[in-house]
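Student: Structure of the sequence below:
(chains A and B)
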Amino acid sequence: MLVDWSKGDRDAPQRLMPFVYEELRQLAHQYLQRERPDHTLQATGLVHEAYLRLVDQSTTTWQNRAHFFGVAAQVMRRILVDYARAHRAEKRGGGWDKLAFDEASTPLAERSVDLIALDDALKDLLAFDPRQSQIVELRFFGGLTNEEIGEVLDVSPRTVKREWRMAKAWLRREIVTGEDDAAGR
Amino acid sequence: MRPGVERWARVKELFEAAVDLDPNERTVLLDKECGGDDSLRGEIESLLKSDEQTDGFIEQPAFAIPHDLFPDNVEEPFVGRQFGAYQVIREIGRGGLGAVYLAARADDEYRKQVAIKVIRRGLDTDDIIRRFRNERQILAQLDHPNIARLIDGGTTDDGLPYFVMEYVNGAPINAYCDANALTTTERLNLFRKVCAAVTYAHQNLVIHRDLKPSNILVTQEGEPKLLDFGIAKLLSTGDELFTQTIPALRVMTPEYASPEQVKGDKIMTTSDVYSLGVLLYELLTGQRPYRLKTRTPEEIAHAITEQEPERPSTVYAEHPNPRTQNPKSLRGDLDNIVLMAMRKEPARRYASVGQFSEDIRRHLTGLPVLARKDTVTYRASKFVNRHRIGVAAAALVLLSLVGGIVATLIQVQTARRERAKAEAISGFLQKTLNASNPDRNLSGQPTVKDVLDDASKRLATEELSDQPEVKAELQRIIGESYLSLGQYDLAEQNLAAAAEAQKRIYGEDSLETLKTLILRASLWGGAKGDYLKASKFYLANLPRLRAEQKKGTISADYLAGALNGFALLRRAQGDSKEAESLLREELALRRYVSPEQKNGLGVAQAILALTLADQGKFDEAIKTVRERIEAIRRQKGDETPERCASLTGLGSFLIEKGAFAEAEENLRAAETIYRKLYNASNMQLGDNLRLQAQAFWALRQYAEAEAKINTALEIYRAASSPQYVNYATALMVQGMIYSQTGRTAEAEQLLREAVRIRVENVPETHFLRATANGALGEFLTTQARFPEAEAFLLASYQSLKKSQAANSPRTRLALQRLANLYDAWNKPDRAAPYRALLSAR
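Tutor: As a prediction, this is how the structure comes out:
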């Protein structure tokens, strides 16, 4: 199933999702409750930890570390975007309401990415450049390094780096356009 | 817009080809490749533009972004609940510590709205509750129209502390300025209101420590309001918890944090000056000061402590902000003002927020401003080395000293009395500068020493005796300046007076007193040669200094200074091994320093090279000094005193290694620069010439050697310092040359004089004694006075065996000399063991 995914079968992960999703959701919840200020380390930590647990439980399913990460990134994307949707619906506060009180804010918190817009743009990108779309998913949602992404997609880290740069430029332009460039800096 | 597959392949190809080119090359490429296809060209240009602006976009994994991606199990638990007389309407914000709710008085017909801040469930640990309460107490003290007011506070039924604050319905200051398209002048006036509020807080002993746009909201009426004193710190040291420094990145918003916050050093009111500087930078340019790629905490910390921000006007020219006007007005004053507030060293910023704001006012009314380009001061401090500077530069040097005083005093004094002190200091400064007015000086060129002499003389009288802390601080600074000018007696006078006063004011064991004593100890151990007194001081106080530095009560600089002093002392006492380990400890402390403080780093590196050479570890020493030379070239340029000194050091190591020609090359390069920078009687030039003489001697070019050594000795004698450590070495070199040119009687006299000086001035185990003995022994060998030679050579070898590393060339030379002696003496059996040792190495 995982091998299929690496060859482009986009449905394979869907079948794995329920396993991974629950595991990641629980882990994510624990992480966030700990409120550690060094969130940066957590995304990768999270995925790696989930991998260890799942591998222990069912070694037969997870044969390849790289493939697991691929699936996990997709799952992370879904979790995060779903949450962003739910949150947006629930909070109709208006732009200035979000005061940062006492915020041990990570640098990006102040200009956080609109996950929903990003998700939509990634879907567009997938249509004409699936590899770039996957690279962004693995890196941004999965927290993988260029080396790890190279392993998952079976390309060189240099290729990953080059594609990532262009994908970023394209996605940023797509998201910013129509937003009157207020977030652009 | 979805491009077709072929079209996309072409876009990708051109984007990748163009992305690493500079703008001109890009134009050429696109002209050639796009032909008339404007839409293709437009697509690529817009992607390239976007690429330049990505700046951290999705660079960090998604998980690093939001705090509350996953809803808590208990959602909005307080909505609808009653807090005292207020009822919660909805959540309006959420942070690390708690949530903020909009609420209204339940019984109020006007439904006056307030903000209620409640600590987050699960975070109600003792420590956090203390912090929370602290904020409440701080806010209660502050009553200012531009600070969000505290209305009420209490504890919920289940024990969570909360408080009720003025609800500010406004926008973050940067968003407000842009949304209302404020002009530069309007922005400056708004900013000055913020300064007034911060000044008020400082006068009430509160440092905000987290000033950033989201904490400064502007109401629809255009009034700024400061929020969030959550991590504010009381200036007075009453509350134990808040005298501890909290690792900055955890609590601060990184990009507005000052270098001292990032480093975990003491936080002062000048830390708020820095954060306000960043804020003004952003308000004027629409950009943050540091160009960051990955935005990891490490990168941000590095940028804050090391990177010099670009000038606002330059940044503005690159990214014009369509919402501001008058971009040209940034150049000059405003550039200088912003960058002065943002200097890495607190002491070189504006001494207070009030001064910062006043300088903006001066700019607005067309008066000259205090802020100057950093380079002027930098140049001034460089000139100090040459002892001759103009009045303007002297004024700037003193101004930066005075900034340091005010900043330091804030730690020990209440902010209320700050103004009186600032006035006392500026009055004193004014008089000092008038006194050194060139009209009153015959040469027309007052030196830094003139200025210091005058200041120190007036301090020795009754002047400033109503401000004893200021007076002591000034005396310490003047003492330190004398120390760096090599005026040791005057330095000691001022430092002793400062220490006495500080003992009286703060106590014998106070950190203030200790800081002055660190300077005195370096004087005792250095110029005064009172090794015992100095070493007692270091042994007694280093453990405490280390502990204080760890706690953050003193900055790393002080500890580094003490380690440096002790290392020099140990080296002078002949224990270069311990000196090496002290210097390595110092270097580790100095890793994170700003460019201006790199001097200390460089000095430590240079001394480390010397201590390595002392132990005969020449390869390591050469490596260290070469790194230093490269660093100097990068930071300061080619023709600098630092570079000469390092080239000379390199030359001396190469001589000891036996690479004479290469040594001579480096030394001659250094000599050329020395002659440009200094007058012909400079001691360092003397050292350089002496080393060249040594190299020429080894290369058997005796005429050149003799010319160089004669000049060197002239320089040393003119300075009349026979104790100078290299004077004896110069005598040795001259003796060695004479012994080769047939002037044997004179040679012997010189070599014996060198040994005598060494015996009187350095400890028995010191390698300098051993090298003098060795040179005399070698001479005696050539005179066939074997038993005498043997005594000196054996003494030399035994001593070097102890002080030198295993493979030291000095020890090899000593072995070689012994073997040569016994060969000449025709005692091959005695030569054999030394030859064996030589070949074993």
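Student: Do I have it right that B:D107 meets B:A85?
Tutor: Yes - in this structure, B:D107 is within contact of B:A85 by C-beta atoms under 8 Å, at 6.2 Å. Where you see a C-beta, it was placed from the backbone N, CA and C, and this is true even at glycine.
Student: the more surrounded of these two?
Tutor: B:A85 (15 against 8; other C-beta atoms under 10 Å in any protein chain shown).
Student: Next one: the more buried one from chain A, what distance?
Tutor: Here the criterion is C-beta to the nearest C-beta, to the nearest Å. By it, B:A85 lies 22 Å from chain A.
Student: Check the burial of the residue lying closest to B:T624 once chain neighbours are set aside by counting its neighbours.
Tutor: Spatial nearest neighbour of B:T624, excluding adjacent residues (C-beta to C-beta, 6 or more residues apart in numbering or on different chains): B:A609 at 4.2 Å. By the criterion of other C-beta under 10 Å, B:A609 has 27 neighbours.
Student: Return the residues in contact with B:F83.
Tutor: B:103, B:116, B:118, B:154, B:156, B:162, B:164 (C-beta atoms under 8 Å, 6 or more residues apart in numbering or on different chains).
Student: Am I right that the last one is in contact with B:A103?
Tutor: Right, B:V164. Yes - counting by C-beta under 8 Å, B:A103 is a contact partner of B:V164 at 7.3 Å.
Student: list residues touching both of the two?
Tutor: Common contacts of B:V164 and B:A103 (C-beta under 8 Å, 6+ apart): B:83, B:86, B:114-116.
Student: just those now: which is nearest B:K263?
Tutor: B:A115 (33.7 Å; C-beta to C-beta).
Student: what sits against the residue nearest to the closest one when sequence neighbours are not counted?
Tutor: Among residues not flanking B:A115 along the chain, B:Y167 sits closest, at 4.4 Å (C-beta to C-beta, 6+ apart). By C-beta under 8 Å, 6+ apart, the contact set of B:Y167 is B:102, B:113-115.
Student: Can you pull out the low-pLDDT segments for chain A?
Tutor: Across chain A, the ranges flagged by pLDDT under 70 are A:1-71, A:75, A:79, A:82-113, A:177-185.
Student: I'd like the next helix or strand past the helix or strand hosting B:L559.
Tutor: Element membership of B:L559 [criterion: DSSP states H and E] is helix B:556-572. Downstream of helix B:556-572, the next assigned helix or strand under DSSP H and E is helix B:576-589.
Student: Return the distance of the next helix or strand after that following helix from the chain's centre.
Tutor: Going down the chain from helix B:576-589, the next helix or strand is helix B:598-614, by DSSP H and E. In terms of C-alpha atoms, centre = their mean, to the nearest Å, the centre of helix B:598-614 is found 16 Å from the chain centre.
Student: ok so, going back, close enough to count as contact, the residue nearest to B:T624 and B:F653?
Tutor: Yes - B:A609 lies in contact with B:F653 (C-beta under 8 Å); the separation is 7.5 Å.
Student: what sits in contact with each of these two?
Tutor: What both B:A609 and B:F653 touch, as defined by C-beta under 8 Å, 6+ apart, is the set B:621-622, B:625.
Student: Just the buried ones from the residues you listed, in PyMOL syntax?
Tutor: Per 16 or more other C-beta atoms under 10 Å in any protein chain shown, the buried members of the shared contacts of B:A609 and B:F653 correspond to this PyMOL selection:
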select buried, chain B and resi 621+622+625
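Student: Can you give me the neighbour number for B:I207?
Tutor: Residue neighbour count, defined by other C-beta under 10 Å, stands at 25 for B:I207.
Student: what does the one 4 residues further on give?
Tutor: A count of nearby residues for B:L211, using other C-beta under 10 Å, gives 26.
Student: circling back to that earlier point, mind putting the contacts of B:Y167 in a markdown table, distance to B:E639, neighbour count and secondary structure included?
Tutor: Below are the contacts of B:Y167 laid out as a markdown table (distance: C-beta to C-beta, whole Å; neighbours: other C-beta atoms under 10 Å in any protein chain shown; DSSP: H, G, I helix; E, B strand; the rest coil):
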| residue | distance to B:E639 | neighbour count | secondary structure |
| --- | --- | --- | --- |
| B:L102 | 65 | 20 | strand |
| B:Q113 | 67 | 16 | strand |
| B:V114 | 66 | 23 | strand |
| B:A115 | 61 | 23 | strand |
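Student: thinking again about what came up before, so how far is B:F78 from the residue nearest to B:A115?
Tutor: Going from B:Y167 to B:F78 by C-beta to C-beta, to the nearest Å gives 15 Å.
Student: again with B:I737
Tutor: According to C-beta to C-beta, B:I737 and B:F78 sit 91 Å apart.
Student: Next: B:A497.
Tutor: Distance, B:A497 to B:F78, by C-beta to C-beta: 61 Å.
Student: likewise B:E345?
Tutor: Distance check for B:E345 against B:F78: by C-beta to C-beta, it reads 45 Å.
Student: who's more crowded, these two?
Tutor: A direct count of neighbours by other C-beta under 10 Å for B:E345 and B:F78 places B:F78 higher, at 21 against 18.
Student: Which parts of chain B are strands?
Tutor: Secondary structure of chain B (DSSP state E): strands at B:82-83, B:86-94, B:98-105, B:113-119, B:150-155, B:161-166, B:170-172, B:206-207, B:216-219, B:224-226, B:233-234.
Student: Surely B:N215 is in contact with B:D228?
Tutor: Yes - applying C-beta under 8 Å, one finds B:N215 in contact with B:D228, separated by 4.5 Å.
Student: Farthest pair within the shared contacts of B:V164 and B:A103?
Tutor: Longest span within the shared contacts of B:V164 and B:A103, C-beta to C-beta: B:F83 and B:A115, 11.1 Å.
Student: tell me, what's touching the two both at once?
Tutor: Jointly contacting B:F83 and B:A115 under the rule C-beta under 8 Å, 6+ apart are B:103, B:164.
Student: ok, back up a step: right, and out of the shared contacts of B:V164 and B:A103, which lies closest to B:L569?
Tutor: Closest approach to B:L569 among these (C-beta to C-beta): B:A115, at 59.1 Å.
Student: buried sites along the helix holding B:L559?
Tutor: B:556-572.
Student: Stretch B:195-212: end-to-end distance?
Tutor: 13 Å (C-alpha to C-alpha, to the nearest Å).
Student: Could you report the neighbour count for B:D619?
Tutor: Here the number of neighbours of B:D619 (other C-beta under 10 Å) works out to 12.
Student: Apologies, that question was intended for B:A775.
Tutor: Neighbours around B:A775, by other C-beta under 10 Å: 26.
Student: ok, now which ones touch it?
Tutor: The contact partners of B:A775, by C-beta under 8 Å, 6+ apart, come to B:732, B:735-736, B:751, B:754.
Student: From those residues, which land in helices?
Tutor: B:732, B:735-736, B:751, B:754 (DSSP state H).
Student: Can you pick out the most distant pair from those residues?
Tutor: B:M736 and B:A754 (9.9 Å).
Student: for stretch B:208-221, what is the average pLDDT?
Tutor: For stretch B:208-221, mean pLDDT rounds to 85.
Student: And stretch B:578-596, by the same measure?
Tutor: 79.
Student: List of residues touching it?
Tutor: Here stretch B:578-596 makes contact (C-beta under 8 Å, 6+ apart) with B:259, B:263, B:305-306, B:308, B:344-345, B:348, B:378, B:381, B:549, B:556, B:559-560, B:563-564, B:566-568, B:570-571, B:597, B:600-601, B:604-605, B:607-608, B:611-612, B:614-615, B:635.
Student: which stretches of the stretch 601-750 of chain B have low pLDDT?
Tutor: Low-confidence segments of the stretch 601-750 of chain B (pLDDT under 70): B:679, B:719-724.
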